[in-house]
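Student: dropping a prediction and its sequence here:
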Amino acid sequence: MSADKALKAIRNIGIMAHIDAGKTTTTERILYYTGKSYKIGEVHDGNAVMDWMEQEQERGITITSAATTCYWHDHQINIIDTPGHVDFTIEVERCLRVLDGAVAVFCAVGGVEPQSETVWHQADHYSIPRIAFVNKMDRVGADFERCLKMMEERLGAVPLALQIPIGKEDSFAGVIDLIRGKMLYFDEGTQGADISEEDIGPDYTEQFTAARMTLIEKLADFDEGVMEKYLEEQPIGADEIKQAVRTATMNLDMVPVLCGSAFKNKGVQPLLDAVVSYLPSPVDVPPVHGIDEKGLEEIRKADEKEHLCALAFKMVSDSFVDNLAFVRLYSGVLRQGEKIFNSTRRKQEKIGRILRMHANKRYEVKEVGAGDIAALVGLRFTKTGDTLCAKGDNIRLDKIDFPDPVISIAIEPKGKGDEEKLLTSLDKIAIEDPSFKVSRDEDTGQTIIAGMGELHLEIIIDRLIREFKVAANVGQPQVAYKETIGIKARAEGKFEQLTTGKHLFAHVQLELSPLARGAGWIFENQLVEDSIPAEFVDAIRRGIESGLDSGALLGYPVVDVQTTLVDGSYHEEDSTPQAFGVAANIALRQALIDGDSMLLEPVMAVEVVLPDEYLGDVINNLNGRRAQIQGMEQRGNTAQVVEAQVPLAEMFGYSTDLRSVTQGRANFSMQFNSYEIVPEKIAARIIKKVRGL
């Protein structure tokens, strides 16, 4: 097979969805039907191949993204099964950064759920073509049409149903292929491996005709050939429809939708066919863009003859080979034993071994080419988001953005002997997980670990005990507050000092202005020309940036402010960049005090699904937690969905309360929404507590 043909036969895809939609179950069936696994693993039995961590097997959820490679109809499919829980959303983010396509799995009962929206918008950000699989069609309350409607309303997508279900709920028997006009049944005796095809039965003729007409009409909006034949009432062949679907999918105009029940082994093989038919190969996506050391744009095409360019998107601490670096190769070839250049860190690296991964198992290969995904052993300096290229080259790709932690706890070793082991283990986890932060509280000397939620930190502590064999004491979870200002303020900072016989001088005047929530930090230079030399302005900017790490109120990071450099003065002989950095920090500190510093708290978007009869109790409980109810929606005949925004500080212990007031019949999910101002009385209590008053 030529290199070009081989590239066209590769599919790099992710499986993404809300927790409990059936991602891992779907992936397990894919591995079975492609011959990668000889038996089907089940999440509820704790033997799913892709959920290999002890914590995943015990909880029945995906925690870390797992990669594997399988083959279907002469196509190589590199699959990454991503977590569905919001606490591990960084796993989805960094995987989507390097994938060419994705399969979004939706529960036929729940439809588009909160984390479904989050991962969908993450895929929107990277312009990733998607196909959708409506899973669990056998469940009570399953509704295929409702899922299509929710995709339109909540995701802004244009769903294109390529199948409709045969029966529903416990009578779900198979699917109708709208393109080929066939009814597909999956043999239970062979665990769905054998598929029988039948012509459209009389009971389904009307439904099939209407659904196929809708398919053609939607395609006609995006394909001139289909439009022409549709208007002239000419027959449109299956191959022509497939080509039109492929083009519309890759142009992000539409999302092909299939349905089935992965757990009941129905509908997975047509999903694999759709992956091959409609999702792009590495040559179908635009070339990757980067910059060189001068800031000029460089482009790399998916071609083995191009200069080497790869992105390290995930690091794994491995007990056998130290660190594994998962890389997406955009161009060129990586060979075992060769030296490469990390252009992000400006360090040379040597590839010890190249591995293909199958969850936590590995298979050694000598080389990998453009468009592929593999794991490298032996990289000493590389971190998540780093660019790897050929020696002498300097291309750098966009780094991966990681969210700030919203919750923290203090942790300390149980004994003196565990102190070094604890810090080393935490460093290893921090290398693996960029959304996990480790810091030291200068006042108390405590080690503080911070993450994306209670479950995130709970898993990390569990790993410390089991995997790293570290004995530690853990404090109570704390909210990661931030600070901002309420009013505009102006202040000056003057630094004069005599040190080692040299007089130092710097004078800075700053103005701070509040910005809208989520705006971050803006620096503006309004200096009159030559009042302070340009080389000192950069030092002032760095001094301000450093000072914003610790606010004037309680020392939390300061956000949503504009800092404007309005005036200042210098001495030709006595001024240095360091002096201006200190002066800027002094001015910033005073401006934060004068600007009416305020506390900000993380507010979570919460969705509660509950039986009708408990609605009043659940809303009363939420109101007691300072919730703002955003809306309520009937789901099916007996369930209600309540959407609310609730401060994270009020959500501790909520799962226990919810179980109590609904007799265990409700469930909830939450994800970070925004930072908002803490009410004055509550802020006063927090300040008093933190200051120990």
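Tutor: All right, it came through fine.

Student: please, where are all the helices along the stretch 251-400 of the chain?
Tutor: For the stretch 251-400 of the chain, the helices defined by DSSP state H, counting those that start in this stretch occupy 268-278.

Student: show me where pLDDT drops low in it?
Tutor: 318-322, 358-360 (pLDDT under 70).

Student: check the chain for its longest helix and report it.
Tutor: Taking DSSP state H as the criterion, the chain has its longest helix at helix 577-594.

Student: buried sites along that one?
Tutor: Buried residues in helix 577-594, counted by 16 or more other Cβ atoms under 10 Å: 577, 579-592, 594. Any C-beta I mention is one placed from the backbone N, CA and C, and that applies to glycine too.

Student: what's the answer for stretch 219-238, then?
Tutor: Quick answer for stretch 219-238 (16+ other Cβ under 10 Å): 219, 220, 222, 223, 226, 227, 229, 230, 236.

Student: mind listing residues that contact that stretch?
Tutor: The contact list for stretch 219-238 (Cβ atoms under 8 Å, 6 or more residues apart in numbering) reads 160, 179-180, 216-217, 240-241, 244-245, 247-248, 251, 253-254.

Student: farthest-apart pair in those residues, please.
Tutor: Using Cβ to Cβ, the pair of the contacts of stretch 219-238 lying farthest apart is 180 and 251, separated by 23.4 Å.

Student: mean confidence for stretch 675-684?
Tutor: For stretch 675-684, the mean pLDDT works out to 94.

Student: that one: how far from the chain's middle?
Tutor: Remark: stretch 675-684 is offset 29 Å from the chain centroid, using Cα atoms, centre = their mean, to the nearest Å.

Student: helices and strands around the longest helix of the chain, which ones?
Tutor: strand 482-485, strand 489-499, strand 502-514, helix 534-547, strand 561-569 (3 or more Cβ pairs under 8 Å, 6 or more residues apart in numbering; DSSP states H and E).

Student: okay, these, which one's buried deepest?
Tutor: Highest mean neighbour count among these (mean count of other Cβ atoms under 10 Å): strand 482-485, with a mean of 24.

Student: what is it packed up against?
Tutor: Partner elements for strand 482-485 (3+ Cβ pairs under 8 Å, 6+ apart): strand 502-514, helix 577-594, strand 597-611.

Student: can you map out the strands along the stretch 201-350 of the chain?
Tutor: Per DSSP state E, counting those that start in this stretch, the stretch 201-350 of the chain carries strands over the ranges 255-259, 288-291, 297-300, 309-318, 322-331, 333-335, 339-342, 347-350.

Student: between these, which gets nearest to residue 206?
Tutor: Using Cβ to Cβ, the strands of the stretch 201-350 of the chain put strand 255-259 closest to residue 206, at 18.9 Å.

Student: by how many degrees do that closest one and helix 268-278 diverge?
Tutor: Inter-element angle recorded for strand 255-259 and helix 268-278: 170 degrees (by axes from the mean of the first three to the mean of the last three Cα atoms, to 10 degrees).

Student: where does this protein have its least confident helix or strand?
Tutor: helix 54-59 (a mean of 47; mean pLDDT, DSSP states H and E).

Student: in the next helix or strand after that one, what's buried?
Tutor: Counting by DSSP states H and E, the next helix or strand C-terminal to helix 54-59 is strand 66-72. Within strand 66-72, the residues that qualify as buried are 66, 67, 68, 69, 70, 72, counting by 16+ other Cβ under 10 Å.

Student: point out where this structure drops to low pLDDT.
Tutor: In the predicted model of the chain, residues 1-5, 36-66, 83-88, 318-322, 358-360, 443-444, 499-501, 636-638, 693 satisfy pLDDT under 70.

Student: in helices, which of the contacts of stretch 219-238 appear?
Tutor: 216, 217, 240, 241, 244, 245, 247, 248.

Student: neighbours of the fourth one, how many?
Tutor: Pointing back at residue 241 there. Number of residues near residue 241 (other Cβ atoms under 10 Å) recorded here: 20.

Student: that one reaches residue 218, doesn't it?
Tutor: No. Using Cβ atoms under 8 Å, residue 241 is not in contact with residue 218; the gap is 11.0 Å.

Student: which elements pack onto the helix or strand where residue 616 lies?
Tutor: Take DSSP H and E as the rule and residue 616 turns out to sit in helix 615-623. Here helix 615-623 is seen to pack against strand 597-611, strand 628-635, strand 639-647, helix 654-662 when contacts are counted using 3+ Cβ pairs under 8 Å, 6+ apart.

Student: returning to that earlier point: can you tell me which of the strands of the stretch 201-350 of the chain is most buried?
Tutor: Of all those, strand 255-259 has the most neighbours on average by mean count of other Cβ under 10 Å, namely a mean of 25.

Student: give me the sheet partners of it and which way each runs.
Tutor: Sheet pairing of strand 255-259 (DSSP bridges) gives strand 130-135 (parallel), strand 159-161 (parallel).

Student: one step back: from the buried residues of strand 66-72, which two are the most distant?
Tutor: Farthest-apart pair in the buried residues of strand 66-72 is 66 and 72; separation 18.5 Å (Cβ to Cβ).

Student: got the contact list for residue 194?
Tutor: 186, 187.

Student: now do the phi/psi pair for it.
Tutor: As for residue 194, its main-chain torsions (degrees, to the nearest 10) stand at phi -90, psi 130.

Student: with the one 10 residues further on instead?
Tutor: Recorded main-chain torsions at residue 204 are phi -120, psi 0, according to degrees, to the nearest 10.

Student: how is the residue lying closest to it once chain neighbours are set aside assigned, secondary-structure-wise?
Tutor: Closest residue to residue 204 apart from its sequence neighbours, by Cβ to Cβ, 6 or more residues apart in numbering: residue 176 at 6.3 Å. Taken by DSSP: H, G, I helix; E, B strand; the rest coil, the conformation at residue 176 corresponds to strand.

Student: related to what we said a few turns ago, quick one: closest of the helices and strands packed on helix 577-594 to residue 691.
Tutor: The nearest among the helices and strands packed on helix 577-594, by Cβ to Cβ, is strand 482-485 at 14.1 Å.

Student: alpha carbons of the closest one, in CSV - could you do that?
Tutor: Listed in CSV are the C-alpha atoms of strand 482-485, where the atom choice follows Å, rounded to 0.1, in the frame of the first residue of the first chain:
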residue,chain,number,x,y,z
LYS,A,482,-10.4,34.5,43.5
GLU,A,483,-10.3,38.2,44.0
THR,A,484,-11.2,41.3,41.9
ILE,A,485,-11.9,45.0,42.4
